[in-house]
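1. kindly generate the corresponding structure for this input.
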Amino acid sequence: MMREGDASSIIARLGTLQGSRSNFDTLFDEVKKVVWPDGGDFLTSRRSPGEKTTRDIYEMTAALAVEKFAAAMESFLTSRTSRWHKLSASNDELNKIAEVKDFFEDATDALFKVRNSPGARFYGQMHEAYKSLGAYGNSCMFVDEVPSGGIRYKYTHIGQAWIEVNHMGVVDTVYYEYELSAKAAVQKWGDDAPPVARSTLDTDPFKKSKYIHCVRPNDDVDPERADAEGMAFESYHVGVADQVIIDEGGYEELPYIWSRYTLNPAEMYGRGPGMLVLPEIQTLQEMEKVFLRSGHKVADPPLLVANDGVIGRGSKRIRINPGGINMGGLDSQGRPMIAPLHTGARLDITGEMMDQKRMIIREAFLVNLFDLLERDRVQMTATEVLERAKEKGQLLTPVIGRQQSEFLGPMIQREIGIAQRQGMLPPLPDALLEAAGEYEIEYESGATRMQKSDEVSAVQRTIEVMTPFIMANPALLAVIKDEDTFRHVWDLLGAPSSLTNSEEEMVAIHKAQAQAAQAQQMREDIPAAAGVMKDVSAAQGQAA
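-> Here you go, the predicted structure:
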């Protein structure tokens, strides 16, 4: 697919993208120093592994907030302890067909099984991606199809990746720059490894060189081809030192899943909480330094001494150690010749100012919002819990909705494509084949349930208001579809559907109950009928 000289054109294009992002990289680097010091580099590389990264940090509010942000995002979007999405047919009528429903349940099970496998490393890599989202407003996850079977996830540091977007603003091209030692390059590509790796393998096997992985749309897709030329995206690994194409291939789906926290329409890259409150974070760092110096002065203040008396060396030296005796420390009138310097500094006011900065930083990282419900839960009624959950769901909607549409949606589509190619999914039912296999992703995370809690509250309030009317006229109960209402609230609260009977099972239960009631009625009617017959026989005997 490539033409002569395309390796140099890829390198040149990456250089253009790097130059156009220089302002962002400067901003990212400032954020890294005070928000995520252990994250990857942007403008400069660490001189050696294990180098101290916290030399610019005096106050840890932002660094701790980004950790809580990542944990909270994971809890609300991709919880490890629950199913956070399911699949269903786009046509609601198809979802009523048992084999279609079973297919999507099996497909969902297969996706969670591969994510939970030890080799996938899904949740660990997702945590890093969420931290990147909080600090820099951008995150990138590489979803790799393992040739031997399965999926492997790898968080990709945005300082090593650059993007292009299509006419709709959707990321469709990624350039990833990475380093490999000569030994690793030969292990990866064998005889196809670039000359720079093969020539230094024996003399310096750990010498590193730069490489580029370019994935972009394939503008010349041949639908008749089953190889890379028939795929939606083309892929190239380029050796920068030798300016050669090492490996060509393709992907059916974009393997780099790029997400942005919030987006300026005039920019390709997102902005995050760490960038939003960077001035507050930097100000807090300076305030902490001043606070430490002021506290030191209060605890160990400078001393004021007279022009003569207790100064100098030897016996005239001021002794500030416990129990120290200072000869001449008092004048003839018994007044101190040495006094501490009181600056009048108000550490309490400085502390309050710093607390205000901390509150703003925590709010930017949504820490206060995530803690709100848990902190007050003990003192709240069930109704108040639902109302608070509804409020939190409304506040989280913009954040959660964007991540579901831009991050999780493309990732799940990529996973489904891999699962289909590797035979992890059962065969498509005939009814679904006729519908071209169209499906929808239904999110069931904690955040989604919070967003749906308004419906639960509405049902609860309706029942409370209508109870007096029902008590006055019990016939009104027939208006309520009790089983449908029960199932709807059950689903909204996120309870496992496996704990309820299906509609078909309920039909069988109702039928059995009706038969049992009919049998019971017959048993009750038999004695009565026998009594009637006995009375009739007695009457007939008297008449005779």
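2. drop to CA atoms for contacts and neighbour counts, all remaining ones
-> Fine.
3. helices and strands of the protein: which one bottoms out on pLDDT?
-> When the helices and strands of the chain are compared on mean pLDDT, DSSP states H and E, helix 367-376 comes out lowest with a mean of 62.
4. which SSE is immediately downstream of the helix or strand Ala431 falls within?
-> Under the criterion of DSSP states H and E, Ala431 resides in helix 430-434. Using DSSP H and E, the helix or strand that follows helix 430-434 in sequence is strand 439-443.
5. helices or strands up against that next one?
-> strand 85-89 (3 or more Cα pairs under 8 Å, 6 or more residues apart in numbering; DSSP states H and E).
6. in its sheet, which strands sit next to the strand it packs on, and in what direction?
-> strand 439-443 (antiparallel) (DSSP bridges).
7. ok, residues contacting the strand it pairs with?
-> Under the criterion Cα atoms under 8 Å, 6 or more residues apart in numbering, residues Trp84, His85, Lys86, Leu87, Ser88, Ala89, Ser90, Gly409 lie in contact with strand 439-443.
8. and the fifth one, how many neighbours?
-> Each residue near Ser88 was counted by other Cα atoms under 10 Å, and the total is 21.
9. tell me the pLDDT of it.
-> Ser88 is assigned 88 on the pLDDT scale.
10. what's near enough to touch it?
-> Ser88 neighbours (Cα under 8 Å, 6+ apart): Asn95, Lys101, Phe104, Tyr439, Glu440, Ile441, Glu442.
11. please name the bridge partners of the last one.
-> In this structure, Glu442 has the following beta-bridge partners (DSSP bridges): Lys86.
12. circling back: got a winner among the contacts of Ser88 for most neighbours?
-> Going by other Cα under 10 Å, Phe104 tops the contacts of Ser88 with 20 neighbours.
13. now Thr262. Its backbone dihedrals?
-> phi -140, psi 150 (degrees, to the nearest 10).
14. I figured it hits Pro273, correct?
-> No. Counting by Cα atoms under 8 Å, Thr262 does not reach Pro273; the two are 9.2 Å apart.
15. the two: which is more packed in?
-> Between Thr262 and Pro273, counted using other Cα under 10 Å, the more crowded position is Pro273 (24 against 18).
16. could you measure from the more buried one over to Pro398?
-> 14 Å (Cα to Cα, to the nearest Å).
17. what sits up against stretch 202-213?
-> 11, 175-183, 196-197, 200, 235-241.
18. give me the ChimeraX select line for the contacts of strand 439-443, limited to the buried ones.
-> To isolate the buried members of the contacts of strand 439-443 in ChimeraX, using 16 or more other Cα atoms under 10 Å:
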select :84,85,86,87,88,89,409
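19. pull the most distant pair out of the contacts of strand 439-443.
-> Trp84 and Ser90 (18.6 Å; Cα to Cα).
20. how about the secondary structure of Ser332?
-> Using DSSP: H, G, I helix; E, B strand; the rest coil, the structure places Ser332 in coil.
21. what distance do you get for it to Arg317?
-> Taken as Cα to Cα, the span from Ser332 to Arg317 is 19 Å.
22. tell me which of the two has more neighbours.
-> Arg317 (14 against 7).
23. which of the contacts of stretch 202-213 are buried?
-> Buried, going by 16+ other Cα under 10 Å: 11, 175-177, 180-183, 196-197, 200, 235-240, out of the contacts of stretch 202-213.
24. so which of the residues you listed sit within helices?
-> Ile11, Ala182, Lys183, Val196, Ala197, Thr200 (DSSP state H).
25. relative to Phe122, which of those residues is nearest.
-> Using Cα to Cα, these come closest to Phe122 at Lys183, 27.5 Å.
26. gap between the closest one and Gly190?
-> Distance from Lys183 to Gly190, by Cα to Cα: 10 Å.
27. now do Asp348
-> For Asp348, the distance to Gly190 - Cα to Cα - is 66 Å.
28. helices of the stretch 251-400 of the chain, start to end?
-> Using DSSP state H, counting those that start in this stretch, the helices of the stretch 251-400 of the chain run over 273-276, 278-299, 347-364, 367-376, 382-403.
29. what helices or strands is the next helix or strand after the last one leaning on?
-> Just to be clear, that refers to helix 382-403. Later in the chain than helix 382-403, the nearest helix or strand by DSSP H and E is helix 409-421. When contacts are defined as 3+ Cα pairs under 8 Å, 6+ apart, helix 409-421 sits against helix 98-116, strand 138-145.
30. deepest of the ones you listed, which one?
-> strand 138-145 (a mean of 22; mean count of other Cα atoms under 10 Å).
31. partners of that one, with directions?
-> strand 151-155 (antiparallel), strand 256-260 (antiparallel).
32. to Asn23, which of those lies closest?
-> Comparing those by Cα to Cα, strand 256-260 comes nearest, at 17.1 Å.
33. that closest one to helix 409-421, inter-axis angle?
-> Orientation check (axes from the mean of the first three to the mean of the last three Cα atoms, to 10 degrees): strand 256-260 against helix 409-421 gives 160 degrees.
34. list the contacts of strand 256-260.
-> Contacts with strand 256-260, where a contact means Cα under 8 Å, 6+ apart, come from 133, 137-143, 171, 174, 269-272, 403, 406-407, 410-411.
35. and stretch 56-68, by the same measure?
-> 33-37, 131, 134-135, 274, 281, 284-285, 288-289, 358, 361-362, 365, 367.
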